[in-house]
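**Student:** coordinates for the following, if possible.
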Amino acid sequence: MDNLFSEGLTLMAFGMGFVFVFLTLLVLITSTMSRLVSRYLPEPAPKTVKARPQAAAGVAAGNNDELIAVLTAAVHKYRSK
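**Tutor:** Sure thing, here's the model as predicted:
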């Protein structure tokens, strides 16, 4: 009985050790790959958005009343279900 118990503890120690080593290697390899990718393939610079002319901005600002009415109707219909 004592021999079986010690073999179980040995098997548990080897199993847990293997999992610990595997997960440690996985973290190291993943972080190394992340550094390599960010170094050699950087994210592209964000594109700048061109400003709209003042006339178009004024027209869009005037439609807020209609937009609020549509949104209010949609919320009212959703809540009435």
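
**Student:** now residue 49: which helix or strand?
**Tutor:** Using DSSP states H and E, residue 49 sits within no helix or strand.

**Student:** how far away is residue 43 from residue 32?
**Tutor:** Residue 43 sits 19 Å away from residue 32 when distances are taken as C-beta to C-beta, to the nearest Å. Heads up, the C-betas are built off the backbone N, CA and C, glycines and all.

**Student:** between those two, which one's more packed in?
**Tutor:** The neighbour comparison of residue 43 against residue 32 (other C-beta atoms under 10 Å) goes to residue 32, with 10 against 6.

**Student:** now that one: which helix or strand?
**Tutor:** Assigned by DSSP H and E, residue 32 falls within helix 2-40.

**Student:** chain center to that helix: distance?
**Tutor:** A distance of 25 Å separates the centroid of the chain from that of helix 2-40, by C-alpha atoms, centre = their mean, to the nearest Å.

**Student:** let me know the pLDDT of the residue nearest the centre of the chain.
**Tutor:** With the centre of the chain defined as its mean C-alpha position, the nearest residue by C-alpha atoms, centre = their mean is residue 34, 15.0 Å away. Note on residue 34: pLDDT of 94.

**Student:** where are the low-confidence patches of this protein?
**Tutor:** Low-confidence segments of the chain, defined by pLDDT under 70: 51-63.

**Student:** cool, thanks, talk later.
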